[in-house]
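Student: What follows is a protein structure lacking sequence information:
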């Protein structure tokens, strides 16, 4: 009996040592240039928890939140390509230099609501973008999933309520230094003014810019009402997509079981980032109102006027963005299919 117990203890010890070796063997380094109050962090925490538990500790995930490993989209994606980073989240603007066509998500008024957007992004459209990004990066940068980072972009400004494109005419509108958002601002009559994100508070405060297009959680986390931001129009013109990238060398080096765990982890991450802005915006809208902010919800007719104003941007995108025409057609087809599916589900649930 003693011999049997010693044999059992020896086996348990061997398994423990093996487990430790496995845990040290695979460590995924994930970074997000944000903070711990952001949806990106919420997604990474869910990913880390899922992957480490599902792998029984064989895969560890280290989180680096902020700019300690890399500071710009170009720098971080280079880290993914050369293998010094394993996972990175970017906005479309952060990766547009390498993959300009992903800005298709920034085109305004193409998706009607969260249900449609989430149906699109959990479907084959994301897989088609993955194939294209892999081909364009020499099979180095793999798009794992697309989540959300901040809800929907809405027009906010320091001057007046905005109910139509005419109300934006001449308004100095902050944009990122990229062609597409400047085209959109120009189409609605605003004066596009490229300003880096860290400088936006001071720029609003001093009148360098008078408006911006952001989600409510970003507006409140940056305390923009203290800089004079008062008027918010909930037109929801573009979905704030979060692109999650992984080193393809790292992914293809995993075993089939490990790949499945990582893919399922990204699916859990995606769902977490879909949900996080919905929860956080409740308090954010309340805080905006308490700070003296005024919120306006456009009527369907008013929203249609905004959409008509920006329609030339679609042709510009197809003609001027590399890969734009192909991806635009894929995206609009996916949106149409998603809208049809969601409408059918709504009709079934109303019966």
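Tutor: Okay, I see it. Just so you know, these numbers come straight off a predicted model, no measurement behind them. Numbering: from 1, shown residues only.

Student: quick one: the helices in the stretch 151-300 of the chain?
Tutor: Secondary structure of the stretch 151-300 of the chain by DSSP state H, counting those that start in this stretch: the helices cover 179-187, 200-206, 216-221, 248-252, 256-290, 300-320.

Student: With mean pLDDT, mean neighbour count and distance to residue 172 as new columns, can those be given to me in TSV?
Tutor: Backbone N, C-alpha and C define where each C-beta goes, glycine included. Below are the helices of the stretch 151-300 of the chain laid out as TSV (pLDDT from 0 to 100; neighbours: other Cβ atoms under 10 Å; distance: least, Cβ to Cβ, whole Å):
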stretch	mean pLDDT	mean neighbour count	distance to residue 172
helix 179-187	95	21	10
helix 200-206	97	17	9
helix 216-221	93	22	17
helix 248-252	98	17	42
helix 256-290	97	18	21
helix 300-320	96	15	18
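
Student: wait, which of these is closest to residue 56?
Tutor: Closest approach to residue 56 among the helices of the stretch 151-300 of the chain is made by helix 256-290 (9.7 Å; Cβ to Cβ).

Student: I'd say residue 121 and residue 241 touch.
Tutor: Yes: at 7.3 Å, residue 121 and residue 241 qualify as touching, with contact defined as Cβ atoms under 8 Å.

Student: shared neighbours, the two?
Tutor: 146-147 (Cβ atoms under 8 Å, 6 or more residues apart in numbering).

Student: Any idea which of the helices of the stretch 151-300 of the chain gets closest to residue 84?
Tutor: helix 248-252 (10.6 Å).

Student: Mind giving me the packing neighbours of that closest one?
Tutor: strand 141-157 (3 or more Cβ pairs under 8 Å, 6 or more residues apart in numbering; DSSP states H and E).

Student: now the strand it packs on: mean pLDDT?
Tutor: Mean pLDDT, strand 141-157: 97.

Student: Stretch 63-81 too?
Tutor: Per-residue scores along stretch 63-81 average to 95.

Student: so how far does that stretch reach from one end to the other?
Tutor: Counting by Cα to Cα, to the nearest Å, you get 18 Å between the two ends of stretch 63-81.

Student: again with stretch 196-216
Tutor: End-to-end distance for stretch 196-216, by Cα to Cα: 18 Å.

Student: Show residues contacting it.
Tutor: 150-159, 168, 171-177, 181, 185, 190, 193, 195, 219, 222-224, 226-229, 232, 237-238, 240, 277, 281, 284-285, 288.

Student: Could you turn the buried ones of those residues into a PyMOL selection?
Tutor: Per 16 or more other Cβ atoms under 10 Å, the buried members of those correspond to this PyMOL selection:
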select buried, resi 150+151+152+153+154+155+156+157+158+159+168+171+172+173+174+175+176+181+185+190+193+195+219+222+224+227+229+232+237+238+240+277+281+284+285+288
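
Student: so where do the strands sit in the chain?
Tutor: 26-32, 59-65, 87-90, 141-157, 172-175, 191-194, 211-214, 231-247, 294-296 (DSSP state E).

Student: tell me how far the last one is from the chain's mean position?
Tutor: Its chain's C-alpha centre and that of strand 294-296 lie 25 Å apart, by Cα atoms, centre = their mean, to the nearest Å.

Student: So which bits of it are buried?
Tutor: So, applying 16+ other Cβ under 10 Å, buried residues of strand 294-296: residue 296.

Student: any idea what sits nearest residue 237, other than its immediate chain neighbours?
Tutor: Once flanking residues are discounted, residue 237 sits nearest to residue 108: 3.8 Å by Cβ to Cβ, 6 or more residues apart in numbering.

Student: Contact partners for that neighbour?
Tutor: Per Cβ under 8 Å, 6+ apart, neighbours of residue 108: 153, 184, 237-238, 306-307, 310, 313.

Student: Same question for residue 84.
Tutor: Listed by Cβ under 8 Å, 6+ apart, the contact set of residue 84 reads residue 69.

Student: quick one on the thing from earlier: any idea which of the strands of the chain is most buried?
Tutor: Most buried of the strands of the chain by mean neighbour count (mean count of other Cβ atoms under 10 Å) is strand 87-90; its value is a mean of 28.

Student: That one - contacts with which helices or strands?
Tutor: Strand 87-90 sits against strand 26-32, helix 39-54, helix 73-82, strand 231-247, with contacts defined as 3+ Cβ pairs under 8 Å, 6+ apart.

Student: what are the pairing partners of the longest one, and which direction each?
Tutor: Spelled out, that is strand 231-247. strand 87-90 (antiparallel), strand 141-157 (antiparallel), strand 294-296 (parallel) (DSSP bridges).

Student: Quick one: these as JSON lines, columns for distance to residue 28 too.
Tutor: Formatted as JSON lines, those follow (distance: least, Cβ to Cβ, whole Å):
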{"stretch": "strand 87-90", "distance to residue 28": "6"}
{"stretch": "strand 141-157", "distance to residue 28": "11"}
{"stretch": "strand 294-296", "distance to residue 28": "41"}
